[in-house]
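Enquirer: can you look at this prediction? I've put the sequence above it.
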Amino acid sequence: MSNESRKKIKNDHESDFGIDSKQPDQSRRSFAKAGIIAPVIMSLANRPAWGAVTHRCNISGWASVPAVGEGSGIPPSSGECGFASAENILEKLNRREKRAKVSTIFDCLDPSTSPTVRQVLKLRDGISDWLYYMMIAHFNEYPPEDSNGKLVTSGNPLGCPVVDVFCKFYNGAERVDFGNVSLTQDEVEDFLKLVTPIP
């Protein structure tokens with residue numbers, strides 16, 4: 001029997017049993033050979049897992065949670081992220097740092113009208129929530145150190161220099177990029193309110 005006859009019989013037999021005799025998709029085959037098909041499938045199937053606690057405590061991870069479907073992500077709470085509160089920071093700052101003008105940190109501010117670090121962290125009258133939360137974020141990025149040792153913190157909640165973010169908005173930016181997402185000042189403040197511990 002010739003090869004062509006064998007091929008015809010095989011094809012007829014396969015079609016009788018509903019078997020597709022088409023050749024396998026080579027692109028899928030090479031994907032599987034690379035050994036990465038399972039992780040890709042698992043990653044696609046578990047997109048809500050991308051908003052896990054550790055990711056929710058970083059602004060780009062928090063902002064990506066809504067993108068995976070309504071209700072699939074839970075906002076972070078101030079207790080789970082490990083950031084220092086204003087009270088914790090004030091305890092660690094020395095007298096000179098507490099009295100320093102905020103403009104020494106956020107250099108885009110006018111030094112003549114800039115409040116002191118203590119006034120901001122105590123949220124004195126006239127201090128905006130925005131300045132208060134950004135100041136706390138700054139000291140989580142750069143923890144103060146006193147004679148009792150360094151302030152314990154989980155690090156920078158914004159994942160990029162807090163001073164840069166503050167000054168971009170101060171200078172009129174409508175949105176600031178955080179790697180995979182672009183956010184408004186209100187959105188950044190909403191995030192910081194969620195992750196900042198209440199004294």
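Expert: Done, it's in. Numbers count the residues shown, from 1 in each chain.
Enquirer: what's the helix or strand for the closest residue to residue 179 other than its chain neighbours?
Expert: With CB to CB, 6 or more residues apart in numbering as the criterion, residue 179 has its nearest non-adjacent residue at 4.7 Å, and that residue is residue 60. Just so you know, the C-beta spots here come from the backbone N, C-alpha and C atoms, and that holds for glycine as well. According to DSSP states H and E, residue 60 maps onto helix 59-64.
Enquirer: report the mean per-residue pLDDT for that helix.
Expert: The pLDDT scores in helix 59-64 average 77.
Enquirer: can you list the weak-confidence ranges in this protein?
Expert: The model of the chain has pLDDT under 70 over residues 1-55, 65-79, 146-147, 199.
Enquirer: where does the record place the domain boundaries for it?
Expert: Using automatic domain parsing, the domain ranges for the chain come out as 1-45, 78-195.
Enquirer: quick check: buried residues in stretch 115-122?
Expert: Neighbour-count burial for stretch 115-122 flags 115-122 (criterion: 16 or more other CB atoms under 10 Å).
Enquirer: among the residues you listed, name the ones in strands.
Expert: Nothing among these maps onto strands, per DSSP state E.
Enquirer: can you put these in TSV and add distance to residue 87?
Expert: Below are the buried residues of stretch 115-122 laid out as TSV (distance: CB to CB, whole Å):
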residue	distance to residue 87
115	18
116	16
117	14
118	12
119	15
120	13
121	8
122	9
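Enquirer: what is the nearest of the residues you listed to residue 85?
Expert: residue 121 (9.3 Å; CB to CB).
Enquirer: quick check: the gap between that closest one and residue 196.
Expert: To residue 196, residue 121 is 11 Å away according to CB to CB, to the nearest Å.
Enquirer: anything in contact with each of these two?
Expert: Overlap of the contact sets of residue 121 and residue 196 (by CB atoms under 8 Å, 6 or more residues apart in numbering) consists of 86, 136.
Enquirer: export stretch 102-118 to PDB, keeping only CA atoms.
Expert: Below are the C-alpha coordinates for stretch 102-118, written out as PDB (Å, rounded to 0.1, in the frame of the first residue of the first chain):
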ATOM      1  CA  VAL A 102       9.000  71.900  55.600                       C
ATOM      2  CA  SER A 103      10.600  73.700  52.700                       C
ATOM      3  CA  THR A 104      13.900  72.100  53.700                       C
ATOM      4  CA  ILE A 105      12.300  68.800  52.600                       C
ATOM      5  CA  PHE A 106       9.900  69.900  49.900                       C
ATOM      6  CA  ASP A 107      12.200  72.500  48.300                       C
ATOM      7  CA  CYS A 108       9.500  73.600  45.900                       C
ATOM      8  CA  LEU A 109       7.700  75.300  48.800                       C
ATOM      9  CA  ASP A 110       8.300  79.000  49.700                       C
ATOM     10  CA  PRO A 111      10.500  79.000  52.800                       C
ATOM     11  CA  SER A 112       8.900  82.200  54.100                       C
ATOM     12  CA  THR A 113       5.400  80.700  54.300                       C
ATOM     13  CA  SER A 114       6.500  77.100  55.000                       C
ATOM     14  CA  PRO A 115       5.300  75.500  58.300                       C
ATOM     15  CA  THR A 116       7.600  73.500  60.500                       C
ATOM     16  CA  VAL A 117       7.800  69.700  60.400                       C
ATOM     17  CA  ARG A 118       6.300  69.500  63.800                       C
END
